[in-house]
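Undergrad: Okay, sequence plus prediction incoming.
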Amino acid sequence: MEGSSTLEVNDYEKATQYLYELTIKLLDVGGSDIFITAGSPPALKVNQAIHRAGDRKLTPQQTTLLTRAIMHDRHAREFDHHHEVNFSLNFPNVARFRVSAFTQRGSAGMVLRLIQQRIPTIEELNLPPILKDIALTKRGLVIFLGGTGCGKTTSMAAMLDHRNESCQEHIITVEDPIEFFHRHKQCLIDQREVGTDTDSYEAALKNTLRQAPNVIMIGEVRDRETMQHAINFAETGHLCLTTLHANNTDQAFDRIV
């Protein structure tokens, strides 16, 4: 990507166009991630291998420009305060990303993970057929376990989509950020993004039962309060789906307890 030499401080429009061109390149080669970090050309992950997209190394000023160009004001404030932030990026009709922005050695960087536009089916993911039955269960708690990038969110989206095609109900999701867009099919689906549609997981989940849901999807359990809400939803006759970072069931139980 030779265009990096023309990136100038505060030229957000040109920076966004640069990322758009990287996106087209990523799609052309069938890649999954874009890496932006100072001291290296932008890189693409293709078949689990990192490939440089050009020869020109990005400067700290350029990585800061690229990172901030796609942030809303809220994301920028959180980034300034915590030095990291997660959000979604959408190039309409082209691609959607989950973005993880951070600082390293005093400069900004980010990883953009491509999100599939179409929600895959349970069959396409080669998941156990029993998940179709579980997806239609009236009440309970379903937790997808695993490390980053192992397919927890995609599997959960497939289950939710199966329910959406099969039942006439109300589904509420609380996510940070929203990854898959669910259309209203047989169900009504309300998707709430932390920071955009609600201040926090806690604020959204505290009011969820007042919104007459049948199914509640929590993007990720990150703390004790969120887990308590998930358990409470299941105990009060709802189906709750969520994810948890854990390498095995023993570790998961330790985190839950």
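TA: All right, it came through fine.

Undergrad: so where's the chain shaky on pLDDT?
TA: For the chain, the stretches with pLDDT under 70 are 1-9, 257.

Undergrad: Start from the N-terminal end of the stretch 101-250 of the chain and give the helices.
TA: Remark: helices assigned in the stretch 101-250 of the chain by DSSP state H, counting those that start in this stretch are 130-135, 152-166, 201-208, 224-235, 249-256.

Undergrad: and those helices as a markdown table, adding distance to residue 89 and mean neighbour count?
TA: (Each C-beta comes from the backbone N, C-alpha and C, glycine too.) Shown next, in a markdown table, are the helices of the stretch 101-250 of the chain (distance: least, CB to CB, whole Å; neighbours: other CB atoms under 10 Å):
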| stretch | distance to residue 89 | mean neighbour count |
| --- | --- | --- |
| helix 130-135 | 29 | 15 |
| helix 152-166 | 16 | 20 |
| helix 201-208 | 21 | 18 |
| helix 224-235 | 25 | 17 |
| helix 249-256 | 30 | 12 |
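
Undergrad: mind giving me a markdown table with those and columns for distance to residue 241?
TA: Formatted as a markdown table, the helices of the stretch 101-250 of the chain follow (distance: least, CB to CB, whole Å):
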| stretch | distance to residue 241 |
| --- | --- |
| helix 130-135 | 8 |
| helix 152-166 | 5 |
| helix 201-208 | 13 |
| helix 224-235 | 9 |
| helix 249-256 | 15 |
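
Undergrad: of those, which approaches residue 79 most closely?
TA: Closest to residue 79 of those, according to CB to CB: helix 201-208, at 19.1 Å.

Undergrad: Outside of the closest one itself, list whatever touches it.
TA: Identification of contacts with helix 201-208 by CB atoms under 8 Å, 6 or more residues apart in numbering yields 172, 174, 176, 192, 194, 197-198, 216, 218, 222-223, 225-226, 229, 233.

Undergrad: Only alpha carbons, please: show that helix as PDB.
TA: Extracted in PDB, the C-alpha atoms of helix 201-208 (Å, rounded to 0.1, in the frame of the first residue of the first chain):
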ATOM      1  CA  TYR A 201     -23.900  -4.000  30.200                       C
ATOM      2  CA  GLU A 202     -25.200  -3.500  33.800                       C
ATOM      3  CA  ALA A 203     -27.500  -0.600  32.800                       C
ATOM      4  CA  ALA A 204     -29.000  -2.600  29.900                       C
ATOM      5  CA  LEU A 205     -29.400  -5.900  31.700                       C
ATOM      6  CA  LYS A 206     -31.000  -4.300  34.700                       C
ATOM      7  CA  ASN A 207     -33.900  -3.200  32.500                       C
ATOM      8  CA  THR A 208     -34.100  -6.100  30.100                       C
END
